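Enquirer: Dropping the sequence and predicted coords here.
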Amino acid sequence: MRRAKKKQAEALIRILEEAQESFRKSLDSGKLLEAMELLEYCQGEAIELGGRIEEAEGEGTEAVALLEEYCEVVYRFHEELAGGKGYSASRMYRGLKKLLVRIENEIKYAIKERTEAVFLPYKASMWDSLDSVWRAADADPDCDAYVVPIPYYDKTPDGKIGQIHFEIGEYPKDVPVVDYREYDFEKRRADYIFIHNPYDNNNYITSVLPCFYSTNLKKNTDCLVYIPYFILNEIEPEMKRAAEKIEHFCLTPGVLNADKVIVQSEAMRRIYVDVLTRTYGEERRAYWEEKILGLGSPKVDMAARIQREDVELPEEWRRAIQKPDGGWKKVVLYNTSVSALLKYGERMLEKMRRVFGVFEGKKEDIALVWRPHPLIQATIESMRPRLWEEYQRLVEEYREAGWGIYDDSAELDRALAVSDVYYGDWSSLVELCRKIGKPVMIQDAETE
């Protein structure tokens, strides 16, 4: 039985206890009509409780059998009072109380409590930020865990709805997914809902559907959990200037609306707590201290879990990575970010051409895996349309040349597993690579 339904069943037991106490008092006061009405009420509540148990547990439970016996006893006592025969208030009260205690114990100890957890990724490439938590929930025999990918849309420059994306078919093969149209959020009311999109309507580039904003999701769960889809560079809370640069991450709607927020480290937790306390007052520090948890990032868990030998390589990857003797070349993961492209524009494109030229010259010994940020298209196409056209031409040139690998898939773990070193822009991938022990080199668009 789901935790929420079990709580409802236990609440009905409390109601029956109160009704029985009122029944006893009515009998002691000689108010037989009132006592009979209370018995009718008890029978109605017992039937309601039995129905809920059967809905959750199916037929044939001991709890329902006891409730049926309870209803029979209630009916017999009602008939005794209606017939005007002599009655014993204490006998009737003790009889009902004894049965109700047995029913309560059966519900409390014999009916197993189950938890329902729902994970709502929107971009398949960001699934790694939820993966290890889902795997733990899925492995728990007392938890029903569902992955329900949700659609999102690009925003046009004037803020209207652009192209809609629904990436339900792009998740790992061992992750079963449920169509969001087949999951009734209001009716099922999951015990936990996990999200990695914190922006609600505050993102100018993309947005999930409004029904999946954190403000709305929290109405349909007992615990909304937000886990960032990114990893930030680790800093200490005492580094005030550096901490100020990440304040906006701490104040998103997802952080404010969630019941729990899981961040990448204890140091990052302290920064979140300090920022939120400065913003909303010292009197709320204890609230943020309890709400923000520095348990680590699932992105690190997944990157560490997937090893090179576990990866199934596409043939074009294998051709680019393997040497003629069957050995592997050194593999460089080349990551380009949205922010660098926006900041440097055409200069960044020229930098990338120079990078490609260098690695093409070393293709016999080094394989390059170019992985652009998954939001590059939505961002650049919306904010810098002309730059997007030039960027597309560069992508086409690189892919047609065929000596390197272009990876815009949802499988970041594959690129991380095969690579030996990171090279590229500052991004959340930098900290992720550091945490799993891969060397990191940062490119500079202003140098040759």
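Expert: Looks like it arrived, so ask away.
Enquirer: contacts and neighbour counts: CA atoms only from here.
Expert: Will do.
Enquirer: any chance you could map the helices in the stretch 1-150 of the chain?
Expert: Assigned helices in the stretch 1-150 of the chain, in chain order: 3-28, 32-57, 62-82, 89-105, 131-139 (criterion: DSSP state H, counting those that start in this stretch).
Enquirer: packing partners for the last one?
Expert: Which is helix 131-139. Identification of packing neighbours for helix 131-139 by 3 or more C-alpha pairs under 8 Å, 6 or more residues apart in numbering; DSSP states H and E yields strand 143-147, helix 298-305.
Enquirer: JSON lines for those, including mean neighbour count?
Expert: What follows is these, written out as JSON lines (neighbours: other C-alpha atoms under 10 Å):
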{"stretch": "strand 143-147", "mean neighbour count": "20"}
{"stretch": "helix 298-305", "mean neighbour count": "20"}
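Enquirer: and of the helices of the stretch 1-150 of the chain, who's closest to Asp179?
Expert: helix 131-139 (16.7 Å; C-alpha to C-alpha).
Enquirer: what is the orientation angle of the closest one with strand 143-147?
Expert: For helix 131-139 and strand 143-147, the angle between their directions (axes from the mean of the first three to the mean of the last three C-alpha atoms, to 10 degrees) works out to 140 degrees.
Enquirer: in helix 131-139, what counts as buried?
Expert: Under the neighbour-count criterion of 16 or more other C-alpha atoms under 10 Å, helix 131-139 has 131-134, 137-138 buried.
Enquirer: Comparing the helices and strands packed on helix 131-139 by mean pLDDT, which bottoms out?
Expert: The minimum mean pLDDT among the helices and strands packed on helix 131-139 belongs to helix 298-305 (a mean of 92).
Enquirer: What angle do helix 131-139 and that one make with each other?
Expert: Between the axis of helix 298-305 and that of helix 131-139 there is an angle of 80 degrees, by the same axes, to 10 degrees.
Enquirer: Look at the nearest residue to Leu251 once chain neighbours are set aside and say how many residues are nearby.
Expert: Closest residue in space to Leu251, ignoring its immediate chain neighbours: Leu276 at 7.1 Å, by C-alpha to C-alpha, 6 or more residues apart in numbering. By other C-alpha atoms under 10 Å, 22 other residues sit near Leu276.
Enquirer: Identify the residues contacting Leu276.
Expert: In this structure, Leu276 makes contact with 250-251, 285, 288, judged by C-alpha atoms under 8 Å, 6 or more residues apart in numbering.
Enquirer: I'd like the helices of the stretch 1-150 of the chain written out as JSON lines, with mean pLDDT and distance to Lys260 added.
Expert: Formatted as JSON lines, the entries for these read as follows, by pLDDT from 0 to 100; distance: least, C-alpha to C-alpha, whole Å:
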{"stretch": "helix 3-28", "mean pLDDT": "93", "distance to Lys260": "18"}
{"stretch": "helix 32-57", "mean pLDDT": "94", "distance to Lys260": "28"}
{"stretch": "helix 62-82", "mean pLDDT": "94", "distance to Lys260": "35"}
{"stretch": "helix 89-105", "mean pLDDT": "94", "distance to Lys260": "32"}
{"stretch": "helix 131-139", "mean pLDDT": "97", "distance to Lys260": "14"}
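Enquirer: Adding distance to Glu400 as columns, could you present the ones you listed in TSV?
Expert: Written out in TSV, the entries for these read as follows (distance: least, C-alpha to C-alpha, whole Å):
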stretch	distance to Glu400
helix 3-28	55
helix 32-57	57
helix 62-82	68
helix 89-105	70
helix 131-139	34
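Enquirer: Tell me which of the ones you listed sits nearest to Tyr204.
Expert: Short answer: helix 131-139, nearest of these by C-alpha to C-alpha, at 26.6 Å.
Enquirer: which sections of this protein are below the confidence cut-off?
Expert: Residue ranges of the chain with pLDDT under 70: 85-86, 448.
Enquirer: mind giving me the domain split of it?
Expert: Under automatic domain parsing, the residue ranges defining each domain of the chain are 3-110, 115-301, 312-442.
Enquirer: From the chain's centroid, how far away is the second one?
Expert: Shown here is domain 115-301, whose average C-alpha point lies 6 Å from the average C-alpha point of the whole chain (C-alpha atoms, centre = their mean, to the nearest Å).
Enquirer: show me the contacts for Ala304.
Expert: Ile436.
Enquirer: That one and Arg371: what is the separation?
Expert: Spatial separation of Ala304 from Arg371 under the definition C-alpha to C-alpha, to the nearest Å is 19 Å.
Enquirer: about what we covered before: kindly reformat the helices and strands packed on helix 131-139 as TSV containing distance to Asp179.
Expert: Rendered in TSV, the data for the helices and strands packed on helix 131-139 read as follows (distance: least, C-alpha to C-alpha, whole Å):
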stretch	distance to Asp179
strand 143-147	9
helix 298-305	23
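Enquirer: now for these, which one comes closest to Pro198?
Expert: If we rank the helices and strands packed on helix 131-139 by C-alpha to C-alpha, the stretch that ends up nearest is helix 298-305, at 16.2 Å.
Enquirer: Who are the packing partners of whatever helix or strand comes next after that closest one?
Expert: Helices and strands here follow DSSP states H and E; after helix 298-305, the next one along the chain is helix 315-321. Using 3+ C-alpha pairs under 8 Å, 6+ apart as the contact criterion, the secondary-structure elements in contact with helix 315-321 are strand 366-372, strand 405-406.
Enquirer: returning to that earlier point: could you list which of the contacts of Leu276 belong to helices?
Expert: Judged by DSSP state H, the subset of these located in helices is 250, 285, 288.
Enquirer: Contact partners for the first one?
Expert: Translated: Cys250. Contacts were defined as C-alpha under 8 Å, 6+ apart; by that measure Cys250 touches 272, 275-276.
Enquirer: ok, now Tyr70?
Expert: Residues counted as contacts of Tyr70 (C-alpha under 8 Å, 6+ apart) are 43, 46, 96, 99-100.
Enquirer: I'd say Val369 and Gly404 touch.
Expert: Yes - using C-alpha atoms under 8 Å, Val369 makes contact with Gly404 at a distance of 6.4 Å.
Enquirer: nearest spatial neighbour of Tyr153, skipping sequence neighbours?
Expert: Once its chain neighbours are removed from consideration, Tyr153 has its nearest residue in Ile164; the separation is 4.1 Å (C-alpha to C-alpha, 6+ apart).
Enquirer: coming back round to it: nearest to Ser88, of the helices and strands packed on helix 131-139?
Expert: Each of the helices and strands packed on helix 131-139 was checked against Ser88 via C-alpha to C-alpha, and the shortest separation belongs to strand 143-147, namely 47.1 Å.
Enquirer: Contacts made by whichever helix or strand comes after that closest one with the rest, please.
Expert: Sequence-wise, the next helix or strand downstream of strand 143-147 (DSSP H and E) is strand 152-155. Applying C-alpha under 8 Å, 6+ apart, the contact partners of strand 152-155 are 122-123, 161-166, 204-209, 378, 382.
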